[in-house]
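*Asks:* got a predicted structure plus its sequence, pasted below:
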Amino acid sequence: MSVYFKTGIKGSETCFDYIIIGAGSAGSALAGRLAENTKLRILLLEAGPKDYHPYLKIPIGYGRVFFDDRFNWKFTTEPEPQMYGSQMYWPRGKVLGGSSAINAMVFVRGHQRDFDEWGISASGWSWANVEPYFRKMEHWQGNKNQNRGLFGPLNISNVSNKVHPLTQRYLEAAQQIGFKLNDDYNSGDLEGAFIYQITTSNGVRVSSATAYLKKFGRTKHLKILTQAQATKILFDDQRAVGVEYVHKGTVRRAKAEAEVILSAGALLSPQLLQVSGIGPEKLLKAHGVEVLIDSPNVGRNLSDHLGLDHTLRVNEPSLNQTLRPLQGKLAVALEYIFTRKGPLSMSLNQGGGFVKSKKGLDVPDLQLYFSPLSYSTAPKGKRPLMKPDPYPAVRLGFNLCKPTSMGLVEICSSNALLPPKFYGNYLATEEDREGMIRGMRLMRKISEAPALKNLITLEESPGLHLQSDEELLDFARRYASTVFHQCGTCRMGSNPLTSVLDEALRVRGVRCLRVADASAFPTITTGNTNAASVMVGEKAADLILADL
């Protein structure tokens with residue numbers, strides 16, 4: 001496959017050493033690190049706009065952009081067979097910073113065992129290999145220790161002394177049923193209950209773009225082009241030589257003399273490979289795409305965390321009584337404007353944990369969430385964070401750390417401007433179904449601990465009338481939802497029969513093309529995936545620079 005390279009624009013404006021597609025968690029980190037070498041010419045393409053809007057800066061603003069198509073792809077899965085045919089809503093960032101600009105800001109490296117698991121299938125990615133990159137990217141604002149990075153670009157705040165009093169009651173309850181308290185779950189020991197660390201600085205969100213790109217300003221060697229959606233990778237035979245993209249309605253092309261790197265995320269990187277001729281042969285031919293490389297695993301092995309909340313009415317004021325009335329909204333707004341503190345400066349998932357739901361496990365199998373706020377009266381999937389329930393209530397939730405159900409991404413057209421089809425395939429395995437039941441029973445066990453039992457007046461949902469395994473699983477099928485951690489769709493590894501990428505993130509079968517984002521994960525990490533995605537961007541930069 002060859003292309004006749006003609007941009008319609010003369011000069012060096014369309015010729016670069018590296019073209020990076022996607023300015024999200026990994027892409028921004030990759031671009032920022034490569035740009036530290038001022039001899040390189042880099043083009044960073046982002047389909048969304050710049051990240052100037054206040055909702056992208058105020059931490060609680062993520063509730064406002066949850067359905068805002070200016071900054072959010074607003075993807076939806078195909079009907080899910082094990083979820084009674086419901087379609088799962090998958091928000092993904094479409095803005096500088098990608099999903100790191102619209103997420104809940106929770107920072108979790110993952111379990112050390114996750115990366116040792118990676119290292120088995122992809123040499124060079126074990127915990128010993130990746131841990132230095134976590135420290136390199138971190139600007140940790142908590143208690144100093146040798147396991148945390150202190151001088152990196154990504155600010156991570158310790159907000160343990162700023163949480164709602166009900167969150168402290170959650171920690172007491174977790175301790176009362178046998179879970180230890182963990183002062184710093186990112187320092188090497190993930191297990192226990194804790195207050196989540198978040199990517200903010202002085203009460204303002206720090207996205208990957210804020211951390212890695214802001215310092216470059218209008219520098220000439222790094223060109224950041226927003227509202228530019230890549231539609232195809234261009235090849236000369238089997239060498240990636242450029243990118244076709246749409247910028248403000250005009251189709252353009254840019255040339256990459258060294259490499260093209262896909263950082264469009266776990267949902268769009270496989271789509272771009274497929275529409276460019278790299279993917280399952282049968283699928284590509286069905287949509288009229290000329291096959292460059294038959295790569296059957298492109299788009300497959302999609303993994304995601306499925307979560308479920310319990311809503312609990314309480315007899316003390318929660319954030320509902322602060323954020324619902326007009327005077328409360330005005331009060332927290334003024335507090336934030338003048339001090340950068342208060343509820344607007346934090347994530348609503350204040351408490352958390354990684355715990356074992358049964359005896360005999362070597363590592364935690366459940367991630368916990370506690371929020372001193374509820375919005376159970378809202379339509380399914382909505383997040384009206386500034387209009388919570390009218391009664392005092394909290395949410396106590398969980399997700400499976402290592403689900404075994406796998407989904408996929410498939411193009412439905414050769415046109416990359418049309419979203420592909422997504423299949424989460426949630427609860428497809430008995431192991432996952434049993435895990436959801438154990439998780440729901442554990443939520444009740446925590447609720448019955450003295451620190452919370454005296455507070456709770458009603459289990460609003462699921463409701464204590466549901467007791468049997470069958471009833472609990474039925475509830476999970478109806479109301480469980482994604483925790484927005486899709487990954488693995490272009491996974492890396494040493495086995496060419498099962499991996500799309502090699503251990504250096506290079507796409508198998510072609511030259512000068514890599515993928516650096518969550519799609520490269522060999523397996524899903526324990527916990528939120530944003531930190532690991534940034535780490536992939538950091539390590540990808542070193543891999544690329546090593547080839548110079």
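*Replies:* Received the coordinates, thanks. Numbering: from 1, shown residues only.

*Asks:* tell me the SS of Arg395?
*Replies:* strand (DSSP: H, G, I helix; E, B strand; the rest coil).

*Asks:* dig out what Leu312 forms beta bridges with.
*Replies:* Val394, Glu459 (DSSP bridges).

*Asks:* per-residue confidence for it?
*Replies:* pLDDT, Leu312: 98.

*Asks:* OK, contacts around it?
*Replies:* Ser374, Ala393, Val394, Arg395, Leu396, Ser447, Leu452, Ile456, Leu458, Glu459, Glu460 (Cβ atoms under 8 Å, 6 or more residues apart in numbering). All C-beta spots, glycine's among them, are computed from the backbone N, C-alpha and C.

*Asks:* helices along the stretch 51-200 of the chain, start to end?
*Replies:* Using DSSP state H, counting those that start in this stretch, the helices of the stretch 51-200 of the chain run over 112-121, 127-137, 165-176.

*Asks:* rewinding a little: out of the contacts of Leu312, which are buried?
*Replies:* If you count burial by 16 or more other Cβ atoms under 10 Å, the buried members of the contacts of Leu312 come out as Ser374, Ala393, Val394, Arg395, Leu396, Ser447, Leu452, Ile456, Glu459, Glu460.

*Asks:* format those residues as JSON lines; extra columns: distance to Ser100 and pLDDT.
*Replies:* Shown next, in JSON lines, are the buried ones among the contacts of Leu312 (distance: Cβ to Cβ, whole Å; pLDDT from 0 to 100):
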{"residue": "Ser374", "distance to Ser100": "26", "pLDDT": "93"}
{"residue": "Ala393", "distance to Ser100": "29", "pLDDT": "97"}
{"residue": "Val394", "distance to Ser100": "27", "pLDDT": "97"}
{"residue": "Arg395", "distance to Ser100": "23", "pLDDT": "97"}
{"residue": "Leu396", "distance to Ser100": "26", "pLDDT": "98"}
{"residue": "Ser447", "distance to Ser100": "32", "pLDDT": "98"}
{"residue": "Leu452", "distance to Ser100": "32", "pLDDT": "98"}
{"residue": "Ile456", "distance to Ser100": "35", "pLDDT": "98"}
{"residue": "Glu459", "distance to Ser100": "34", "pLDDT": "97"}
{"residue": "Glu460", "distance to Ser100": "32", "pLDDT": "96"}
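
*Asks:* could the residues you listed go into JSON lines alongside distance to Lys387?
*Replies:* Listed next are those as JSON lines, based on distance: Cβ to Cβ, whole Å:
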{"residue": "Ser374", "distance to Lys387": "11"}
{"residue": "Ala393", "distance to Lys387": "14"}
{"residue": "Val394", "distance to Lys387": "17"}
{"residue": "Arg395", "distance to Lys387": "15"}
{"residue": "Leu396", "distance to Lys387": "21"}
{"residue": "Ser447", "distance to Lys387": "25"}
{"residue": "Leu452", "distance to Lys387": "25"}
{"residue": "Ile456", "distance to Lys387": "23"}
{"residue": "Glu459", "distance to Lys387": "23"}
{"residue": "Glu460", "distance to Lys387": "17"}
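
*Asks:* for Val355, state which of the residues you listed is nearest.
*Replies:* Leu396 (12.5 Å; Cβ to Cβ).

*Asks:* gap between the closest one and Ser295?
*Replies:* Going from Leu396 to Ser295 by Cβ to Cβ, to the nearest Å gives 42 Å.

*Asks:* what do you get for Glu191?
*Replies:* 38 Å.

*Asks:* and Val204, by the same measure?
*Replies:* With the distance defined as Cβ to Cβ, Val204 ends up 41 Å from Ser295.

*Asks:* out of those two, which sits in the more crowded spot?
*Replies:* The residue with more neighbours, out of Val204 and Ser295, is Ser295; 27 against 15, by other Cβ atoms under 10 Å.

*Asks:* identify the residue nearest that one in space, chain neighbours excluded?
*Replies:* Counting by Cβ to Cβ, 6 or more residues apart in numbering, Ser295 lies nearest to Ile278, which is 5.2 Å off, once chain neighbours are set aside.

*Asks:* is the one you found in a bridge, and if so with what?
*Replies:* Beta-bridge partners, per DSSP bridges, of Ile278: Ile293.

*Asks:* correct me, but it touches Leu292?
*Replies:* Yes: Ile278 is within contact range of Leu292, at 5.7 Å (criterion: Cβ atoms under 8 Å).

*Asks:* tell me which of the two has more neighbours.
*Replies:* Ile278 (28 against 19).

*Asks:* wait, what's in contact with the more buried one?
*Replies:* Neighbour list for Ile278: Leu292, Ile293, Ser295, Val298, Val507, Gly509, Val510 [criterion: Cβ under 8 Å, 6+ apart].

*Asks:* pLDDT score for it?
*Replies:* According to the prediction, Ile278 has pLDDT 98.

*Asks:* ok, the residue nearest to Ser295 to Glu257 distance?
*Replies:* 21 Å.

*Asks:* low-scoring stretches of the protein, by residue?
*Replies:* Across the chain, residues meeting the criterion (pLDDT under 70) sit at 1-13, 377-386.

*Asks:* looking at it, which strand is longest?
*Replies:* For the chain, the strand with the greatest residue count under DSSP state E is strand 250-262.

*Asks:* what helices and strands are in contact with that strand?
*Replies:* Counting by 3 or more Cβ pairs under 8 Å, 6 or more residues apart in numbering; DSSP states H and E, the packing neighbours recorded for strand 250-262 are strand 15-21, strand 228-236, strand 239-247, helix 269-275, strand 513-515, helix 530-546.

*Asks:* how far away is Gln175 from Gly97?
*Replies:* Gln175 is 36 Å from Gly97, where distance means Cβ to Cβ.

*Asks:* what does Asp189 give?
*Replies:* Look at Asp189 and Gly97: by Cβ to Cβ, they are 30 Å apart.

*Asks:* which one's more surrounded, those two?
*Replies:* Counted by other Cβ under 10 Å, Asp189 and Gly97 do not tie: Gly97 has more neighbours, with 29 against 15.

*Asks:* still on that earlier bit, need the overlap of contacts for Ile278 and Leu292.
*Replies:* With Cβ under 8 Å, 6+ apart as the test, Ile278 and Leu292 both reach Gly509, Val510.

*Asks:* just the terminal-to-terminal distance for stretch 220-232.
*Replies:* End-to-end distance for stretch 220-232, by Cα to Cα, to the nearest Å: 25 Å.

*Asks:* quick one: buried residues of that stretch?
*Replies:* So stretch 220-232, judged by 16+ other Cβ under 10 Å, has buried residues Leu222, Lys223, Ile224, Thr226, Ala228, Gln229, Ala230, Thr231, Lys232.

*Asks:* if we ignore the residues flanking it in sequence, what's nearest Ala480?
*Replies:* Per Cβ to Cβ, 6+ apart, closest to Ala480 is Leu308, 4.4 Å.

*Asks:* could you find the closest non-adjacent residue to His247?
*Replies:* Ala228 (4.3 Å).

*Asks:* got the contact list for the one you found?
*Replies:* Listed by Cβ under 8 Å, 6+ apart, the contact partners of Ala228 are Leu45, Glu46, Ala47, Tyr245, Val246, His247, Arg252.

*Asks:* any idea which of the residues you listed has the most stuff around it?
*Replies:* Of the contacts of Ala228, with other Cβ under 10 Å as the count, Glu46 tops at 32 neighbours.

*Asks:* any idea how far that residue is from Trp90?
*Replies:* Noted for Glu46: a distance of 19 Å to Trp90, by Cβ to Cβ.

*Asks:* then Ser28?
*Replies:* 21 Å.
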